[in-house]
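Peer 1: okay, here's the prediction I keep looking at, along with the sequence it came from:
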Amino acid sequence: MKDQLIRILTRDGSLRGLAAVTTDLVEECRRRQDADPTATLALGRLATGAALMGGLLKGDQRLNLTVEGNGPLLRMSAETDARGRVRATVKNPHPGVPLREGRLDVVGAVGKAGFLHVSKDLGLREPYRGTVQLVSSEIGEDLAYYLTTSEQIPSAVSLGVYINTDGSVGAAGGFIIQAMPPGDENRIAQLEERLRSLPPVTSLLCEGQDAEAILAHLLADIPYEVKERTPLCFRCTCNRRQILQMLAGLGRSDLEELIAKDEAVQVTCEFCKEVYTLSPTEIRATL
């Protein structure tokens, strides 16, 4: 089952839905970050949430989700664009959090206090930025709270990652269902009931069900149309020119100190872990 995002709209326009399978891209994030199972679970949820929200972008627009909590993960970020290209990073990929009641403890790793930051580059003069406090640190509920309060669109969000016994990602995906204005209270109540009875997303994925099948479970007898299908993949946007621009932003005194050493400098991308070796000549050219 290939990674894919699907976006639908009910025929009466009352509900918008996005669902995604993100197994391969979450596994690639895990591999590049060398993340332990708990960090993989948290980061995978965030990367899946970013992929889903990316389904509402257009053209060259980009989205960044960042979670900063008081737990040992410290900070996580996930970025995407309108073409389904996702990358993600975690500050501490080995939080060392013990199991809680026999399960991986995402809340303990993220921390019970912190913030979710959302940044959207919509091609305007300044990016849109929104911030909400974490309400559960489970990631899905935090995204739902942001969408409902900051963007004023009542939303249900479910994100899941299944970790194999060897620590790799066996399945990952999720969905967002949004009530579009003016909203049908009966339809929303019907949907809430189905959400409560729906099996976990990871259970559906492990059964081999794809993104559209997950939405079909939720919408059942509600007619809808598929508006878009987008393949998803891990893709980092770093390049040598970008790294040199970042180095130039250090300031003249710091650059002169590096130049005085007359040695090559290595810079590692936090997302893909690509190592760039910059020669003294390249560093001098940034002044």
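Peer 2: In hand now; what should we look at? Numbers count the residues shown, from 1 in each chain.

Peer 1: from here on, just use CA atoms for contacts and neighbour counts.
Peer 2: Noted.

Peer 1: just give me the residue right at the centre of this structure.
Peer 2: Here the mean C-alpha position of the chain is nearest to the C-alpha of residue 47 (C-alpha atoms, centre = their mean), at a distance of 2.4 Å.

Peer 1: so is that one in a helix, a strand, or just coil?
Peer 2: helix (DSSP: H, G, I helix; E, B strand; the rest coil).

Peer 1: was I right to think it contacts residue 88?
Peer 2: Yes - using C-alpha atoms under 8 Å, residue 47 makes contact with residue 88 at a distance of 6.1 Å.

Peer 1: list residues touching both of those two?
Peer 2: 77, 78, 79 (C-alpha atoms under 8 Å, 6 or more residues apart in numbering).

Peer 1: now do the contacts for the residue nearest to the last one when sequence neighbours are not counted.
Peer 2: This points to residue 79. Excluding its sequence neighbours, the residue lying closest to residue 79 (C-alpha to C-alpha, 6 or more residues apart in numbering) is residue 64, at 4.4 Å. Contacts for residue 64 (C-alpha under 8 Å, 6+ apart) come out as 50, 77, 78, 79, 80, 117, 118, 119, 120.

Peer 1: if you set the cut-off to 10 Å instead, what comes out?
Peer 2: Contact analysis of residue 64 by C-alpha atoms under 10 Å, 6 or more residues apart in numbering lists 47, 50, 53-54, 77-81, 86-88, 117-121, 129.

Peer 1: got it, and residue 252?
Peer 2: 258, 286, 287.

Peer 1: restricted to strands, list those.
Peer 2: Nothing among these maps onto strands, per DSSP state E.

Peer 1: which stretches of the protein have low pLDDT?
Peer 2: Along the chain, segments meeting pLDDT under 70 span 183-185.

Peer 1: ok, which stretches of it are helices?
Peer 2: Counting by DSSP state H, the chain has helices at residues 23-33, 37-54, 106-110, 140-149, 185-197, 201-206, 211-219, 240-248, 252-261, 280-285.

Peer 1: having no further points to raise, I will conclude here.
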